[in-house]
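1. requesting a structural model of the entry that follows:
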Amino acid sequence: MSLLPDDTLNRRQHLPLKPAPASLAGHFVRLEPLEARHSAALFAHSNGSAIELAGAAFPAYDADELIWRYLFDGPFTDFAAFEQYIAASVAGVDRLALCVVEQLSNAPVGIVNLMSNVPAHLRIELGGIWYSPVVQRTQANLESTYLMLSHCFGLGYRRVEWKCHSRNERSRRSALRMGFTFEGIQEHHMIIKGQSRDTAWFRLLAPEWPLVRERLELMLYGRC
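-> Numbering: from 1, shown residues only. Next up is the predicted model:
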């Protein structure tokens, strides 16, 4: 077997374990490093209370069902506990937590993460993702993923992963829609919130990215 090119092997030495802060701007959302100042707005968008945003409204809802059920944390009814969750996300040693800001309203509406980073193997995961119900089923999720993928492959990663609870059908459909390939189920992978989790694995590889990028740009902007 032949060795990988020198520039690929050398890249592993320059990517930090904690991804460097980055701000990524799109047409519908921008992603900026998560900070404590985002906490109050994000809590208001994720605790089940009715939401109003730039002329759009969403009634009171079940926060566990629409946001937190398959995530490691939440739901949160206590702001102090939510602040601790934000602080832990920001402090993660192998992740960059990003706040999703809706461009029209300039309002924080969700969180995404570049996480489980393994620079030695040029591998990283998109995870810990949630959005306010008021922007779910809009372009927010699609464009956030597009921005993160563009950033990761631009940095030189070879593999971007997406993992979710095997029962999380919305996340599984989303991964496939965005161009990820399903790799299988890892059974009894984790214990989350006192329950056993079988994990569905998806991945996107660097050689696949150009075609997936064109498809995502067509879906987002009507062009490629």
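2. list of residues touching the longest helix along the chain?
-> For the chain, the helix with the greatest residue count under DSSP state H is helix 139-155. For helix 139-155, the external contacting residues (Cβ atoms under 8 Å, 6 or more residues apart in numbering) are 15, 19, 22, 24-29, 31, 98, 100, 102, 109-110, 112, 114, 124, 126, 129, 131, 135, 160, 174, 177-178, 204, 206, 209, 212-213, 216-217, 219-220. Every C-beta, even on glycine, is put in place using the N, C-alpha and C of the backbone.
3. if we go to 6 Å?
-> For helix 139-155, contacts defined as Cβ atoms under 6 Å, 6 or more residues apart in numbering pick out 24, 26, 28-29, 31, 100, 112, 124, 126, 131, 160, 178, 206, 209, 216, 220.
4. is the one residue sitting closest to the centre of the chain bridged to anything, and to what?
-> Note on the chain: the residue nearest the mean C-alpha position is Val112, at 3.4 Å, using Cα atoms, centre = their mean. In this entry, Val112 is beta-bridged to Leu98, by DSSP bridges.
5. now it: how far from Ala57?
-> 24 Å (Cβ to Cβ, to the nearest Å).
6. chain center to the helix or strand in which Ala80 is found: distance?
-> In the assignment (DSSP states H and E), Ala80 maps to helix 79-91. On the basis of Cα atoms, centre = their mean, to the nearest Å, helix 79-91 sits 17 Å off its chain's mean C-alpha point.
7. what of stretch 9-24?
-> So, by Cα atoms, centre = their mean, the centroid of stretch 9-24 is 17 Å from its chain's centroid.
8. rounded mean pLDDT for that stretch, please.
-> Averaging pLDDT along stretch 9-24 yields 97.
9. end-to-end on it?
-> 26 Å (Cα to Cα, to the nearest Å).
10. tell me the buried residues in that stretch?
-> Across stretch 9-24, burial judged by 16 or more other Cβ atoms under 10 Å covers 11, 15, 19, 22, 24.
11. also stretch 118-135?
-> Applying 16+ other Cβ under 10 Å to stretch 118-135 flags 118-119, 122-135 as buried.
12. end to end, how far does it reach?
-> So stretch 118-135: terminal residues 31 Å apart, Cα to Cα.
13. next one: stretch 33-40
-> With Cα to Cα, one end of stretch 33-40 sits 16 Å from the other.
14. report the buried residues of it.
-> Those would be 34, 38-39, for stretch 33-40 by 16+ other Cβ under 10 Å.
15. list the contacts for Glu32?
-> 23, 99.
16. adding secondary structure and pLDDT, write the buried residues of stretch 33-40 out as JSON lines.
-> Below are these laid out as JSON lines (DSSP: H, G, I helix; E, B strand; the rest coil; pLDDT from 0 to 100):
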{"residue": "Leu34", "secondary structure": "coil", "pLDDT": "98"}
{"residue": "His38", "secondary structure": "helix", "pLDDT": "98"}
{"residue": "Ser39", "secondary structure": "helix", "pLDDT": "98"}
